[in-house]
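Participant: Turn this into a structure:
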Amino acid sequence: MNTARETVAAIVAGRTSARAEVEAAIARIEAGDGAINAVVVRDFDRARAAADDADRRVMAGERTPLLGLPMTVKESFDVAGLPTSWGFVEHRDYVPTSDAAAVKRLKTAGAIILGKTNVPPALADLQSDNPVYGRTSNPHDHSRVAGGSSGGAAAALAAGFVALELGSDIGGSIRVPAAFNGVWGHKPTYAALSSEGHHFPRTDGARAALAVIGPLARDGDDLALALDILTSQPLARPATRGVGDWRVLVLDSHPAARVAAPIRAALDSLADAFGLAGASVDRASPLLPDLAAQHRHYMHMLNIALTRGVAAGDRPAPTLAEWFDLNDHQARNRRQWNRLFADYDAVIAPALGVTAFPHDPTPLADRLLTIDGEATRFGAQFAFPGLATFPMLPATSVPVGTDPEGLPIGVQVIADTLADHTAIAVAQAAHALMRT
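Facilitator: You can find the predicted model right below:
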């Protein structure tokens, strides 16, 4: 399948048309999505009309970065005329009348929205299964999850239905599905992209603490292009460097969570490959903050963000003093990470400590994972997404190999505040090293 850039170039050159590309994408979805269930809201008739309009614009000499490109977006983004339920039955009939800010940017760049992709209820799981649209399966193995909450987005990319997607991330919801499906995803610096129009259904409140939106793609250059289209503030690109010019810190463990042996092996191989290419590579650093403490504070803040401070189960409602204390912990943690990036261009770590796991309806709080033969609490795995989320840093999920079962292995490349393109550039270097 062509990249997004190649498709747009072919449309502009007259080797194909927007209508032909939309019809081809529709055919791929109709032929292949039955067992995957990624594209759960379909808007094919309006996409055809938009494609015809794009072709007229091309003929008139108009040029925009995504002109004529068919793509899909996560179900949680408002698209005028399409339902936004976040997987809740009570919201399945909610149809917004305007597009989310990110969708507007994509359309202005020329993209054609074919439909919307599946999520878990409330975007609150690392698998995508809800009572409105059902369960999404991993294209590499239908017995495995596609991840969440942007699981349908990553599955649509991995299945070759589209070349570009739009997701969101608060607990790994871009990075983990990208890793599980062998595609690319970028969690931007907090607040660098507008989240307007990505709200809980029928609400229009403030941006959620920790939450960001960002692109997913099948290609690193497409990811960078989409980021530039979506960003609300300039994100500088680093000077061109050779692989051997990067300074990287590679982490294959965490004090709060286990990492499966194949992922540790992939990270070891990646560190060796960077070293052989002449890069500066460390496997530990005293500059790192206390990662166990960071995980505790992150999970506390995440739970408050997801519940909006309402008492949940046996957990009392947080106090205002408690929230201010968490913000102080976050500020100190962020400063430590920023200081670390004076010595390193990027930190490379697991996106999650496992590859795509079998479908599991067990509630998240009770769920277990078997890692190298040992049962562990599923919730501990949020330590890995939290590495970048708590300090509000950019992180790119990049495929670097497969495990013995043939499932994709993805890692995340974390960079300094607003150094989003550095994260993508180092991820591209990592991907190239593991393909040689």
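Participant: what's the distance between the nearest residue to residue 428 once chain neighbours are set aside and residue 434?
Facilitator: Spatial nearest neighbour of residue 428, chain neighbours left out: residue 220 (4.3 Å); criterion: C-beta to C-beta, 6 or more residues apart in numbering. Just so you know, the C-beta spots here come from the backbone N, C-alpha and C atoms, and that holds for glycine as well. Taking C-beta to C-beta, to the nearest Å as the measure, residue 220 and residue 434 are separated by 13 Å.
Participant: same check, this time on residue 59
Facilitator: Counting by C-beta to C-beta, the gap from residue 59 to residue 434 is 42 Å.
Participant: which one of those two has more residues nearby?
Facilitator: residue 434 (17 against 10; other C-beta atoms under 10 Å).
Participant: and that one, how far is that from residue 273?
Facilitator: From residue 434 across to residue 273, the span is 7 Å (C-beta to C-beta).
Participant: counting residues per helix, which one in this structure is longest?
Facilitator: As assigned by DSSP state H, the longest helix anywhere in the chain is helix 320-340.
Participant: Helix, strand, or coil at the residue lying closest to residue 133 once chain neighbours are set aside?
Facilitator: Leaving aside its sequence neighbours, residue 133 sits nearest to residue 40 (C-beta to C-beta, 6+ apart; 3.9 Å). Put simply, residue 40 is strand when judged by DSSP: H, G, I helix; E, B strand; the rest coil.
Participant: give me the number of residues near residue 40?
Facilitator: Residues lying near residue 40 (other C-beta under 10 Å) number 23.
Participant: ends of stretch 180-191, how far apart?
Facilitator: End-to-end distance of stretch 180-191: 26 Å, with C-alpha to C-alpha, to the nearest Å as the criterion.
Participant: Residue 233 against residue 192, yeah?
Facilitator: Yes. With contact defined as C-beta atoms under 8 Å, residue 233 reaches residue 192; the gap is 5.8 Å.
Participant: Thought residue 353 was touching residue 251, still the case?
Facilitator: No. Assessed by C-beta under 8 Å, residue 251 is found out of contact with residue 353, at 11.4 Å.
Participant: Model confidence at residue 201, what's the number?
Facilitator: Reading off the confidence values, residue 201 has pLDDT 97.
Participant: Repeat that for residue 306.
Facilitator: Taking residue 306 on its own, its pLDDT is 90.
Participant: With residue 162 instead?
Facilitator: For residue 162, pLDDT reads 98.
Participant: and the gap between it and residue 32?
Facilitator: 12 Å.
Participant: Just the element for residue 167, please.
Facilitator: Counting by DSSP states H and E, the element that carries residue 167 is strand 164-169.
Participant: Name the next helix or strand following that strand along the chain.
Facilitator: The helix or strand immediately downstream of strand 164-169 is helix 175-181, counting by DSSP H and E.
Participant: what's next to that following helix, contact-wise?
Facilitator: 126, 128, 138-140, 144-151, 153-155, 157-158, 167, 169, 184-185, 187, 216, 351-352, 355-356, 385, 388, 395, 397-399, 407-412 (C-beta atoms under 8 Å, 6 or more residues apart in numbering).
Participant: In PyMOL, select just the buried ones from the residues you listed.
Facilitator: To isolate the buried ones among these in PyMOL, judged by 16 or more other C-beta atoms under 10 Å, type:
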select buried, resi 126+128+138+139+140+144+145+146+147+148+149+150+151+153+154+155+157+158+167+169+184+185+187+216+351+352+355+356+385+388+395+397+398+399+407+408+409+410+411+412
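Participant: Among the contacts of helix 175-181, name the ones in strands.
Facilitator: 138, 144-145, 167, 169, 184-185, 187, 216, 395, 397-399, 408-412 (DSSP state E).
Participant: Surely residue 186 and residue 227 touch.
Facilitator: Yes. When contacts are counted by C-beta under 8 Å, residue 186 is listed as touching residue 227 (5.9 Å).
Participant: okay, those two: which has more neighbours?
Facilitator: Applying other C-beta under 10 Å to residue 186 and residue 227 shows that residue 186 carries more neighbours, namely 33 against 23.
Participant: Next one, pLDDT for that one please.
Facilitator: 99.
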